[in-house]
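Novice: based on what follows, work out the 3D shape:
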Amino acid sequence: MPLQNRVDPWGGLAAVASKGDLMGNRGGRIHDAARKLTRRRWASNRWIACEISFKGRHRKIWGDSYTELFFLDEVTALAAGHRPCFECRRAEARAFAGGRPLAEFDRTLHAERTGDRPVVAVATLPDGAMVEMNGEAFARRGAGLLRWSFEGYTSLVNITPGMHAKLLTPPTIAAILHGGYQPRWHQTANQWNE
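Specialist: So this is what the prediction gives:
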């Protein structure tokens, strides 16, 4: 049976067989010796998204160290409030953080990911921002919204004038995307023209 280690765009954790393109953690260990989640869902406010493979390191998933989590792609990780790791994704992390002090940045992100999600005009969002509509998650890509699933993006919805939705991506991260940061997309996003 799969571990409850797949992250959805709301930041929830599910037991799903497919792993996705990135892994990460929430600042430490949130599982017990029986490889079950504890009641807490983070160990600190430092939530990161990492490479699955880095320098040939091999990890025992949910062993004695931090709780490894997996994301479909970076768009999903960002929506859930994770930022690029400064060890295994240094260039992306620098581009993403833009010289901001990380401790303050992580505190701001934590407040946003645990607070209320604002309703926004979808047409004003940057590519890579995610929203919730009718209980489903969608990622902005070009002139449309791609419906998210744990296995990939499944369909395209055209953005219409006046369309509003609940923003899942923390506002601070949405601003970074507006500033030009280009997140990694799962390969299934490529089946729709941008």
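Novice: switch to C-alpha atoms for all contacts and neighbour counts from now on
Specialist: Noted.
Novice: confidence score at residue 185?
Specialist: We have a pLDDT of 97 for residue 185.
Novice: with the one 3 residues further on instead?
Specialist: At residue 188, the pLDDT value in this model is 96.
Novice: so it makes contact with residue 156?
Specialist: No - the criterion here is CA atoms under 8 Å, and residue 188 misses it with residue 156 at 11.3 Å.
Novice: between these two, who's got more neighbours?
Specialist: Neighbour count, other CA atoms under 10 Å: between residue 188 and residue 156, residue 156 has more, with 20 against 14.
Novice: that one - nearest residue in space that isn't next to it in sequence?
Specialist: Spatially, and ignoring its direct neighbours in sequence, residue 156 is nearest to residue 146 (4.7 Å; CA to CA, 6 or more residues apart in numbering).
Novice: and that neighbour, how far from residue 125?
Specialist: Plainly put, residue 146 is 13 Å away from residue 125 if you go by CA to CA, to the nearest Å.
Novice: so between the two, which is more surrounded?
Specialist: Set side by side, residue 146 and residue 125 show more neighbours around residue 146, with 23 against 19, by other CA under 10 Å.
Novice: ok, now which ones touch that one?
Specialist: 138-140, 153-157, 189 (CA atoms under 8 Å, 6 or more residues apart in numbering).
Novice: rerun at 7 Å
Specialist: Neighbouring residues of residue 146 by CA atoms under 7 Å, 6 or more residues apart in numbering: 138-140, 153-157.
Novice: also residue 143?
Specialist: 158-159.
Novice: would you map the helices across this protein?
Specialist: 74-79, 90-97, 102-114, 171-178 (DSSP state H).
Novice: those helices: which one's closest to residue 38?
Specialist: For those, proximity to residue 38 was assessed by CA to CA; helix 102-114 is nearest, at 18.0 Å.
Novice: buried sites along that closest one?
Specialist: Of the residues in helix 102-114, 106, 109-110, 112-113 count as buried by neighbour count, 16 or more other CA atoms under 10 Å.
Novice: repeat that for stretch 47-57.
Specialist: Neighbour count says stretch 47-57 has 47-52 buried, by 16+ other CA under 10 Å.
Novice: quick check: chain neighbours aside, which residue is closest to the residue nearest the centre of the chain?
Specialist: Against the mean C-alpha coordinate of the chain, by CA atoms, centre = their mean, the closest residue is residue 77 at 1.3 Å. Leaving aside its sequence neighbours, residue 77 sits nearest to residue 71 (CA to CA, 6+ apart; 5.9 Å).
Novice: where does the closest residue to residue 10 other than its chain neighbours land on pLDDT?
Specialist: Distances taken as CA to CA, 6+ apart place residue 80 nearest to residue 10, at 5.4 Å, with adjacent residues excluded. Residue 80 is assigned a pLDDT of 97 by the prediction.
Novice: as TSV, the contacts of residue 146 with distance to residue 36 and pLDDT would be great.
Specialist: Converted to TSV, the contacts of residue 146 look like this (distance: CA to CA, whole Å; pLDDT from 0 to 100):
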residue	distance to residue 36	pLDDT
138	29	98
139	30	98
140	34	98
153	28	97
154	30	95
155	33	95
156	36	96
157	37	95
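Novice: nothing else from me, thank you.
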